Each structure stands twice: as C-alpha cells, then as structure tokens.
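[1] Based on what follows, work out the 3D shape:
(one chain, ligands or ions: 1)
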Amino acid sequence: MKDKVVLITGGTSGIGRACAVAFGQAGARVVVTGRDEAKLAETGQQLTQLGIQHRTVRADVGDEADSARVIEETVGAFGRLDVLVNNAGISMRALFQDADLEVIKCLMQTNFFGTVFTTKFALPHIIAAKGSIVGISSIAGYRGLPGRTGYSASKFAMQGFLEALRTELLPQGVHVLVACPGFTSSNIRQTALAADGSAQGESPRDEGQMMSSEEVARHLLRAVRQRRRDLVLTAQGKLTVFLNKWLPALTDKLVLNHFRKEEGSPVK
Ligand SMILES: NC(=O)c1ccc[n+]([C@@H]2O[C@H](COP(=O)([O-])OP(=O)(O)OC[C@H]3O[C@@H](n4cnc5c(N)ncnc54)[C@H](O)[C@@H]3O)[C@@H](O)[C@H]2O)c1
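    Below you'll find the model as predicted:
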C-alpha cells in the first residue's frame, strides 16, 4: 500500500474508520468522508496521532455533487486514486408492510446510489492506476433477510452493479472486490431505520460477541492486496451463503427463526 491513495466513504466509525487505520498503517495515504464534522475531526485526530497522511472531506454519499467533489478533493490533494472503498451504509429494522417507502428510498440512495455515484467519478483515476474498487456489501447481499427488505435490496443491487462493472473493466486491469462482512460490532444497528424512518437508537444484539471492525479491516486489506474478487466473513456468514445456495427453502425457515429471536424484533 506504500504511497497508494485510498478513499473510504463513511469512514468516521465502525468498519470504515478501522479501514482508514489499517490501510494507513500499511503505508497508504487515506481520504475519509462523512457527514458529521465533529466525527470527521475526531477521525482526523486519530489518524494524525498514528502518523497517517490523510484528508477528511464532509460529504453525503447519496448526493451526486458531493460525490464529485470528494473525488476532486482527493485527486487535488494527492494527485491520484488507487483504491476506492464504498463503505458508507445504513440499515433498517421494520417489516416491509409497516415501513414508509421513504425508508426503502433512503437505503437505496445511500447504499446503492452512493456506491454508483462515487464509483462513477472515481473511475477514470482508478483505471489510470489499474487500482481497486471495493464494495462493502453484506450477507444480506447474498440472502434476503426479514425486517431488512430495503437493506437486502440495496446490497443485492450493489453486488449486481459491481459484478457487471468488474466484467466491463477486465480489459483495463481494474480489480473489483465484493466484501460481505458477517455480524460486526459497529454503529450499524443503532442507526438502522425503524418503520417511520427514525433511528432505532440501540442494538438488539450483543455487539461484544461479534467480529470487530478492526478484524474486518484486516481481512479487507489482505483481500485488496491479493486482488480477490469476493470475501465472505464469519463462519455463520459462510454457512448462510452455502445453505442458501443448496437448500434455499430450509434457509427461509432458519433465517426467519433466527431473526424472530432478536430483542424487540419486528419479524413475527
Ligand atoms: N456491522 C455489520 O454487522 C455489517 C455487516 C455487513 C455489512 N456491513 C456494512 O459495512 C458498512 C459499514 O458499516 P458499519 O458496520 O461500520 O456501521 P457504522 O454505522 O459504524 O458505519 C457506517 C458509516 O457510514 C456512514 N454513512 C451513512 N450514511 C451516509 C451518507 N449518506 N453519507 C456518508 N456517510 C454515511 C455513517 O455515518 C457511518 O460512519 C456498511 O455498508 C454496512 O452495510 C456491516
């Protein structure tokens, strides 16, 4: 990663922030985006303390003009872009029958269109560098999950988009990685949207039992170095993908039972 430039969207917490540290400690110069000035400043301070050369850029990933500006500022500051990590994301916990349509739109705008916008503006620079485009998808990008229709749809869309793009870019030697973490300790379940679009505010699971964001970042760094096409994390995640491929009807029942057991689950 020495002297490479890595852009991480939504990098002010969880997996994104851990990636900024991991790629930075591997020698990369990192650019981190986020919507919250205070969290960006805090992330910037952490990177400074670790001696990591970086920039922070305030931007909403679902906003096309913001996404264009992020790439301008990245290339303006460092002259190139080698690795784009499409990480910014939001989740939901509500049955489709109860959810406002705005919830589904918000998830598609952030998780899917956020990836499309940033990738579009980054692409000429990534092609020039024969670099990498990473999508942080989810097990929900392989297997639809109850209470998470919009989230699952956004991650399936992301995976279809990146698979098609990978094929288009084969002649240019661009690497595309679809990474699917399993349950990972982060803010994703606190910020997940409820049926009315408000944030859930708490996690229904024991975050301490999950893979850490730092461990996910280490796996991602290795997968980028090895130019892998996909990465599925956690034993439970791998098992879900495997069972869904070979025993989909059984997996329907297992997944339903699993999500019914979550604290305060909307899944009946
Ligand atoms: N934590 C998990 O269990 C898990 C599992 C699978 C996949 N993921 C994916 O990993 C990625 C990172 O999530 P995380 O778990 O670190 O959660 P997180 O909530 O800690 O991080 C998500 C980041 O995205 C940012 N973000 C959200 N909307 C944004 C927007 N419109 N513009 C800019 N930034 C925005 C948030 O502010 C936050 O910094 C997400 O794409 C998520 O779907 C997480």
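[2] got the contact list for residue 57?
    If a contact means C-beta atoms under 8 Å, 6 or more residues apart in numbering, then residue 57 has 31-33, 40, 69-70, 73-74 as its contacts. Bear in mind the C-beta positions are built from the backbone N, C-alpha and C, glycine included.
[3] and the ligand, which of those reach it?
    When C-beta under 6 Å from any ligand atom is applied, the members of the contacts of residue 57 adjacent to the ligand are residue 33.
[4] So how do I select the buried members of the contacts of residue 57 in ChimeraX?
    Command for ChimeraX, covering only those of those found buried under the criterion 16 or more other C-beta atoms under 10 Å:
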select :31,32,33,40,69,70,73,74
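[5] So which of the contacts of residue 57 are in strands?
    With DSSP state E as the criterion, strands contain 31-33 from among the contacts of residue 57.
[6] hey, C-alpha coordinates of the longest helix anywhere in the chain in PDB?
    In the chain, assigned by DSSP state H, the helix with the most residues is helix 149-168. Listed next in PDB are the C-alpha coordinates belonging to helix 149-168 (Å, rounded to 0.1, in the frame of the first residue of the first chain):
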ATOM      1  CA  THR A 149     -36.100  -5.700   2.700                       C
ATOM      2  CA  GLY A 150     -34.600  -2.300   1.700                       C
ATOM      3  CA  TYR A 151     -31.200  -3.200   3.000                       C
ATOM      4  CA  SER A 152     -31.100  -6.600   1.300                       C
ATOM      5  CA  ALA A 153     -32.300  -4.900  -2.000                       C
ATOM      6  CA  SER A 154     -29.600  -2.300  -1.800                       C
ATOM      7  CA  LYS A 155     -26.900  -4.800  -1.200                       C
ATOM      8  CA  PHE A 156     -28.100  -7.200  -4.000                       C
ATOM      9  CA  ALA A 157     -28.200  -4.100  -6.300                       C
ATOM     10  CA  MET A 158     -24.600  -3.200  -5.200                       C
ATOM     11  CA  GLN A 159     -23.400  -6.700  -6.000                       C
ATOM     12  CA  GLY A 160     -25.100  -6.800  -9.400                       C
ATOM     13  CA  PHE A 161     -23.600  -3.400 -10.300                       C
ATOM     14  CA  LEU A 162     -20.100  -4.400  -9.200                       C
ATOM     15  CA  GLU A 163     -20.200  -7.800 -10.900                       C
ATOM     16  CA  ALA A 164     -21.200  -6.200 -14.200                       C
ATOM     17  CA  LEU A 165     -18.600  -3.400 -13.700                       C
ATOM     18  CA  ARG A 166     -15.900  -6.000 -12.900                       C
ATOM     19  CA  THR A 167     -16.600  -7.700 -16.200                       C
ATOM     20  CA  GLU A 168     -16.600  -4.400 -18.200                       C
END
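[7] Any buried residues in that helix, and which?
    By 16+ other C-beta under 10 Å, the buried positions in helix 149-168 come out as 149-159, 161-162, 165-166.
[8] Out of the ones in strands among the contacts of residue 57, the closest to the ligand would be?
    Relative to the ligand, the closest of those is residue 33; by C-beta to the nearest ligand atom it sits at 6.0 Å.
[9] residues contacting that closest one?
    7-11, 56-59, 61, 70, 88.
[10] what about it, distance to residue 98?
    Distance of residue 33 to residue 98, given as C-beta to C-beta, to the nearest Å: 32 Å.
[11] Give me the neighbour count for the nearest residue to residue 27 once chain neighbours are set aside.
    Closest residue to residue 27 apart from its sequence neighbours, by C-beta to C-beta, 6 or more residues apart in numbering: residue 2 at 3.9 Å. Per other C-beta atoms under 10 Å, the neighbour tally for residue 2 reads 7.
[12] wait, doesn't residue 2 sit right on residue 29?
    No. Counting by C-beta atoms under 8 Å, residue 2 does not reach residue 29; the two are 9.9 Å apart.
[13] what about the nearest residue in space to residue 211 that is not next to it in sequence, how many neighbours?
    Spatial nearest neighbour of residue 211, excluding adjacent residues (C-beta to C-beta, 6+ apart): residue 184 at 5.1 Å. Per other C-beta under 10 Å, the neighbour tally for residue 184 reads 23.
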